Every structure is written in structure tokens, then in C-alpha cells.
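Trainee: Fold the following, please.
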Amino acid sequence: MTRVRRSPQDIAANRARYEEHQKKGLEYAPKALPGTSPLPAPEIAPDKIIHREVIPGGWYWSTHINKHEVFRVSLDSGFSTLSLIAWSAAETSERLNLPDTMKVQWTTVLGKGRVIFSDMGRVMFSVTEDSSGAHDGVVGGSTSGSNAARYGEGTRNTRDNLILLATKAGLDKRDIPPALALFAPVRVDRNGAFAWKPELLHEGDYVELRAEMDMIVGFSNCPHALNPDTVYRPNPVTVTRIAATEPRSGDLCRTATAEAVRGFENNARAAV
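Mentor: Okay, here's the model as predicted:
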């Protein structure tokens, strides 16, 4: 491997460019981001419900979703963490990319008003409603090793669930992107350490994700690797697929950040 040596002046110049870019991004981002959505979640009109799935604790489910349809993920039966992955239905080599999602939006906190990017710089989901803001895009899902360390042998984990659902979709484990863990109250402190913040969660929490392209989406309902509870007891999680609605002009998720604007421009170019 060829190593490129950089002088202290080069490093300082690169840092200055990074900080200037970050400053511009942060100046734009806060202009319209709201707080959390109020509880309880509003009722969904029966004629708008395409499908409703209750994923038992420890299990997984995958489905297709079309552009501008919405997933409501709700904790109707108590607390649980639901991990999510997604691929473009048109080209499965395009998939969820959480590192880019957090990097280009300058935050690890994903909540109402934010968007979730693919590895092609396009927007896959818009977070249109969210009562907690307690989601983790950094740590990833549980594995057989993390489960064995906390619960002992014999419990289902997210990594193995995602391999199973990817296989059923005609993909394999190399196609599985890092998972977004919904309702996992992880925060990162100034020193880069992870902390589990259960006070961010509420009874009956929900999040709504609007699809910005046709996708294959997979879910795994297993405890998060940082969940300190030593008893394995994931509760059922409800996923409701809601009929498509065209976003309004000035839609929050499409205009709240400069990075989201560029992501949707990429979506529009790809659709031509």
C-alpha cells in the first residue's frame, strides 16, 4: 500500500476546509427541524392501510414498499427495538447507508425531519413523524456473540435474522448493510462513548418512514446489543404500511437541510 505523507500544513488546511463545510451545514440544518411528534399516535384511516404486520419478539419480516408509501412502526405492546435494512427494488446493489446518512447531516441523532440515504447518495426514507428520536445508526444489531454474552445460548439475534431474510430475497450476507435500530436510545458523548438513555422512550412510541423510492425492506425484532436488560424479552412490534401520499410543496424532510435537498436532486436525476 502506498502511503501519502501529509505535512502539518496540509493537515491544518484539510481540517480548516472540513470545519468550514461543517459550519455551513450546521447553519442550514436547524432552520426547521421540529421536536418529537406528540403522543398518542393519530389513528390511521382504515382505507389507507395496505397491510399491518405484528412481528413477534425475536423474529423478522421483509416486504416491498412503493415510493411515497409510509411505514408506521409502533410499540403497541411495550418496549422493543426493531432493526431495519433496505435495498432499492430496482437495483439491490443500492442499499441503506447509515455512515453517509449521519456524516452528511452532521449528526448521529435521527428523528423527525431527517432523511436516510442510500450508498448512491439518494434518499431512501424521510422521517415524517417520530415520538422519541431514540434511534441508533451507529452500533448495529445484535449477534450470536452479543446475545450469548448477555443472555446465554439459544436466543435469536438480528444478524442471523437478517441473513435469513436476505437469503429469502435472493441476496446473501454480503448484501446486508448496517442496520438502523429503531427505538434504541443510544447517544454518543463528547469522548465518543456510547450511552443507553431509556428516558428518551415513552409508552406507545411510534415512527413514520416515508419511502422515497421502491424498496425491499427487512425488519428484525431482537434486543439491541447495548440494552442493559439481562432478561431476553422483546415484545411484538407493529408495522403498518400506509397508502402513498404525494409530499406537499415545502415538505419538511425535503427542505430542512442542504444535504437533503441534494439527496432529493439525486433522486430526481435518477428518475429521468
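
Trainee: Apart from its chain neighbours, what residue comes closest to residue 50?
Mentor: residue 241 (4.4 Å; CB to CB, 6 or more residues apart in numbering). The way it works is simple: take the backbone N, C-alpha and C, and place the C-beta from them, glycine included.

Trainee: Next: residue 129.
Mentor: Spatial nearest neighbour of residue 129, chain neighbours left out: residue 208 (3.9 Å); criterion: CB to CB, 6+ apart.

Trainee: and that neighbour, helix, strand or coil?
Mentor: At residue 208, secondary structure determined by DSSP: H, G, I helix; E, B strand; the rest coil is strand.

Trainee: Correct me if wrong: it contacts residue 113.
Mentor: No. Contact criterion CB atoms under 8 Å: residue 208 and residue 113 do not qualify, at 12.0 Å.

Trainee: what's the overlap in contacts for these two?
Mentor: residue 127 (CB atoms under 8 Å, 6 or more residues apart in numbering).

Trainee: Phi first, then psi, for the residue nearest to residue 50.
Mentor: Note on residue 241: its backbone torsions stand at phi -90, psi 120 [degrees, to the nearest 10].

Trainee: residue contacts, it?
Mentor: By CB under 8 Å, 6+ apart, the neighbours of residue 241 are 49, 50, 51, 52, 53, 63, 65, 69, 70, 71.

Trainee: Tabulate those in CSV, adding columns for distance to residue 102.
Mentor: CSV is the format used below for the contacts of residue 241 (distance: CB to CB, whole Å):
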residue, distance to residue 102
49, 32
50, 30
51, 30
52, 30
53, 28
63, 26
65, 23
69, 25
70, 22
71, 20
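
Trainee: Next step: these restricted to strands.
Mentor: Among the contacts of residue 241, the members found in strands (DSSP state E) are 49, 50, 51, 52, 53, 63, 65, 70, 71.

Trainee: measure residue 252 to residue 75 for me?
Mentor: Look at residue 252 and residue 75: by CB to CB, to the nearest Å, they are 23 Å apart.

Trainee: Which residue of those two possesses the greater neighbour count?
Mentor: Comparing residue 252 with residue 75 by other CB atoms under 10 Å, the one with more neighbours is residue 75, at 25 against 18.

Trainee: number of nearby residues for the residue lying closest to that one once chain neighbours are set aside?
Mentor: Nearest residue to residue 75, sequence neighbours excluded (CB to CB, 6+ apart): residue 205, at 4.9 Å. Close neighbours of residue 205, defined as other CB under 10 Å, add up to 24.
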